[in-house]
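Chemist: Structure here, sequence nowhere to be found:
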């Protein structure tokens, strides 16, 4: 469950399982248009930004062959997880996630041959950008045992705690992973 505040009002969203998985550009467009409608109803000032992002992703789909659309969907997922509803980074700040584009969409990126079934790279190693999950949110990961993401602090890149519990100033050994 995610909770947030708008002024003195607390808004709580439960976690739910998706009814279907986005696998094509058409699926993505339909789903994101629903996101725009719902978000704009609650936050009308966000509609323009969401439409700009939608236009950007749709241009990416139209500039790639159909076989590459799964990479665009993976890129979108990583970007939206990175933004994560925070206020420091927006979906329209494309320059701030060019590295995600490079890792997921570019043919030489570390995610370019991502195996969607196993959650690992073709060589069997975990992805380098896979620490973008709910682990770093206030509620944590809903299912640690089945999660395909690395549970690493987004702030200091160490294991054992999330960014919510990070005190990176007191970390004396930045090379350690515990």
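Modeler: Structure received. Just so it is clear, the model here is predicted, and its values are computed rather than measured. Residues are numbered from 1 along each chain as shown.

Chemist: lowest average confidence, helix or strand, in this structure?
Modeler: strand 2-6 (a mean of 78; mean pLDDT, DSSP states H and E).

Chemist: mind listing what that one pairs with, with the direction of each?
Modeler: In the sheet, strand 2-6 lines up against strand 9-13 (antiparallel) (DSSP bridges).

Chemist: Show the average pLDDT along the strand it pairs with.
Modeler: The average pLDDT for strand 9-13 rounds to 81.

Chemist: Give me the pLDDT value at residue 58.
Modeler: 94.

Chemist: and stretch 14-30, which residues are buried?
Modeler: Across stretch 14-30, burial judged by 16 or more other C-beta atoms under 10 Å covers 22, 25, 28. Any C-beta I mention is one placed from the backbone N, CA and C, and that applies to glycine too.

Chemist: Turn those into a markdown table, columns for pLDDT, distance to residue 156 and secondary structure.
Modeler: Putting the buried residues of stretch 14-30 into a markdown table (pLDDT from 0 to 100; distance: C-beta to C-beta, whole Å; DSSP: H, G, I helix; E, B strand; the rest coil) gives the following:
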| residue | pLDDT | distance to residue 156 | secondary structure |
| --- | --- | --- | --- |
| 22 | 86 | 32 | coil |
| 25 | 91 | 36 | helix |
| 28 | 92 | 33 | helix |
